Structure formats: structure tokens, C-alpha cells
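In: my questions are about this predicted structure, shown below with the sequence.
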Protein chains: 2
Amino acid sequence: MARTTGSEGGKTEAAIRIAAASLIARHGFEAVAMRQLASEVGVQAAALYRYFPNKQDLLFKLMARHMEELLSSWEAKRAQAGLEPASRLADFVEHHIRFHLERRETTHVSNLELRSLSEGQLPVILDLRSRYEAQLRTILQDGMAAGRFTIEDAGLTTMAIIQMITGVIVWYRPQDRLSVDELIARYLIMTLRLVGAAPHH
Amino acid sequence: MARTTGSEGGKTEAAIRIAAASLIARHGFEAVAMRQLASEVGVQAAALYRYFPNKQDLLFKLMARHMEELLSSWEAKRAQAGLEPASRLADFVEHHIRFHLERRETTHVSNLELRSLSEGQLPVILDLRSRYEAQLRTILQDGMAAGRFTIEDAGLTTMAIIQMITGVIVWYRPQDRLSVDELIARYLIMTLRLVGAAPHH
């Protein structure tokens, strides 16, 4: 995917993506028209089609970019992470919660609109999701192999943890009684207990 | 909400609800038209309006009924449940997973379309959800008071468990390697470990 952020074209493209994520999160993909999106961004529909040939292509690019950014952001963090399984798991959980809290609307679109992808697009997005899930599953399996985690089923536990920590974006609001740091600290303790690990220090 | 199931009118109303949940789950509430719904059920639009004065009313009734059934179904199960906190928690988790696996489409609508409720409707649905969450929170608090659970934050743990066990409907398919009973057994172990309880016997 070409990244031209910084240029005028890059700014327009980014503005379209932000407005599209917000409109789709509020109304659902099918209910959003390209004309409505152009008016929200303040460009002519023709300008929109220069960046995204059609609505279907726009949805795919939004969802693919979200997953690619999630993967590359985690890979960058992982390179600095500890080797100990509990410490790597804690890094994964913290990264996941921060990344998604900063991208609520795109996360919403990514989770809800798998149903709207075309037959050709869906396997690409599902493959990116599998690659991300494999990152967590490997941490769990390494912890099991090292005798540090008590887990019956690494695949199931991967899904359980991802759904538990992604759920945060549904109800958490920055003005809540807990700060993001406190929120993450409590989810870390729950996650470590869930995998039968001693709390992380 | 009048329940006339069994009568001809009750059957039509039920058919409308089932078709509406399916259409909304696939396309999103805003994209579904009453005319399309009538054609799916095989009735005239006028017949549809006899049961549901408008699309907004239909959405509200679907979501309210889903939560009311969840609450009354759990209350019936709870009456037969054990008193021991770990056993009540296990009953809650098992009931929650079975209830939602049997109602995937309505669950989907209930989770996704809070955004589409009117200002007057939203508090009613949120109140039903709070009442349900309070059922789980009470079990957790009783377990903490009895020294059986290790939980830092009963409110947060309530949300974490509900999101973890509701997430099952997103990925589980009946033809998966695990049966529903095996699936539930594994989620029970994870939930009990998450709250610091010994596995349930």
C-alpha cells in the first residue's frame, strides 16, 4: 500500500480514511454512500474516486491497513520486549489495549464489517488476523513449554484473551474512574491469572 | 411486550423478528428497509406495520426482548443453582454461552446496534444490560467476601468475563473440533482461573 502521508495527496487520503472509519462505525458500511463521505471530507466525489476506486475498495484498504499497522506496531514493540513468557505476554496485552484505544473507530469497523468484505477480500483480512493471533499463541505455547503457564488449549486461550482485551474499547471512556495505565495494570493481572502465571513484576 | 406466540398473529410476529435479526445482522440496521423485511417474511408491508409501527420500534423490541429473555432465562437457572460461588459462576458462564450460541443473530444485533437506538430507547436497553451485569458482579463479590475468589476489581472483572465468553459466538462454529460441551468446559476452567478460584468439581 503506497504511503504518501505528508504530501497534499497523502493528507487528503488520510482525511478520507478518518472520515470513512467514523461514518462506517456510526451507520454501518452498507448505509454509507461515497457522496456522503465526500461531503464529510469536503471534497468532490471525483476526488474521492481518485484515491479509492469504489466503496468496497475503501473498506478493504481501511481494514487491511488497520491489521498491517497492528502487526508492524507489535513487531516493533516485540523487538524490545523481554524473553520471559510472562513479560512478553504483559507487553502484548499492554500494546494491544493502547493500540485499540487509540483507534476505536477503525477497530469498530474491523470487528463489525468482515460481513461486508467481498469473497476475494475476506481471506486476505482473515490471514492478517491469523498472523496476529499466532503472535499471541506463540507466547502462550512458549510459556507452556517453559512450565510457566497453565493452559489447556493455546488456541482457545488466544481467542479468549484477545476478545477480553479488545472488549475494553466498547465500554471504556477516558473520563472513567480508571486511567488507561490503571486499566492496563488490572487487565495484566487478570490475563496472567487466566494463564496460571504468577503476577508479573 | 404482548406475547401471543401460538396464534397466527404470534407466528407472523415471530417470523418477522427472526427475519429482521438476520437481515440486520448481515446488512446493519440502517441499510435494512421495512419493504425488504416484508418481502423476506412473505407479507405485505401493511402487515408488518400492524406488528411494528416503524423500523425504530422493531429494533427496540428485538433488543429489549433479547435482554428480557436473557434475564428471565438466567433467573430460572439461578433458582436451581448451587450456593457455592464457584458453582454459581460456573452456572452463569455455561448459561451465558449456551443462550448466546442459540441466538447468534439477535446477539449480533444487540451488540452492534446500540448506536442505532433513539435517545429515549438507549437508557432502557442499557438498564437491562446493567441488571444482567449486576447478576455476575454479585457472584464475584460474594466469592470475594467468602474468600473463595481473588479479584482486584469486581466491576472490571465482570466486563472482562462477559466479553470473553460472548466472544465465543464470533468464531465458534458447531462443526469445529470442539463440541459445545467441550467448549464450555474449557471456558469454565479459564473463568475460574481468572477469578483465582480452584477448578470446579
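Out: Received the coordinates, thanks. No experiment lies behind these values; they were computed from the predicted model shown. Numbering: from 1, shown residues only, chains lettered A, B, ... in the order given.

In: what residues does chain A put near chain B?
Out: A:25-31, A:112, A:115, A:150, A:152-153, A:156-157, A:159-164, A:166-167, A:170-171, A:178, A:183, A:186-187, A:189-190, A:193-196 (C-beta under 8 Å from any C-beta of the partner chain). Every residue, glycine included, has its C-beta placed from N, CA and C.

In: and those, which of them are buried?
Out: A:25, A:27-31, A:112, A:153, A:156-157, A:159-164, A:166-167, A:183, A:186-187, A:189-190, A:193-196 (16 or more other C-beta atoms under 10 Å in any protein chain shown).

In: helices - which of those land there?
Out: A:25, A:27, A:112, A:156-157, A:159-164, A:166, A:183, A:186-187, A:189-190, A:193-194 (DSSP state H).

In: how's chain A carved up into domains?
Out: Chain A breaks down into these domains under automatic domain parsing: A:1-53, A:60-194.

In: first-to-last residue distance for the longest one?
Out: What that stands for is domain A:60-194. Domain A:60-194 stretches 34 Å from its first residue to its last (C-alpha to C-alpha, to the nearest Å).

In: off-centre distance for it?
Out: 7 Å (C-alpha atoms, centre = their mean, to the nearest Å).

In: and the first one, by the same measure?
Out: On the basis of C-alpha atoms, centre = their mean, domain A:1-53 is displaced by 20 Å from the centre of the chain it belongs to.

In: would you map the helices across chain A?
Out: A:8-27, A:34-41, A:45-51, A:55-80, A:85-101, A:104-112, A:122-145, A:154-166, A:168-171, A:180-194.

In: I'd like the average pLDDT over the longest one.
Out: Computed over helix A:55-80, the mean pLDDT rounds to 96.

In: output the below-cut-off pLDDT ranges for chain A.
Out: Counting by pLDDT under 70, the ranges of chain A that qualify are A:1-6, A:198-201.

In: just give the nearest non-adjacent residue to A:Arg17, would you?
Out: Closest residue to A:Arg17 apart from its sequence neighbours, by C-beta to C-beta, 6 or more residues apart in numbering or on different chains: A:Leu62 at 6.1 Å.

In: tell me how many other residues crowd the one you found.
Out: Residue neighbour count, defined by other C-beta atoms under 10 Å in any protein chain shown, stands at 22 for A:Leu62.

In: from B:Leu114, how far out is it?
Out: 22 Å (C-beta to C-beta, to the nearest Å).
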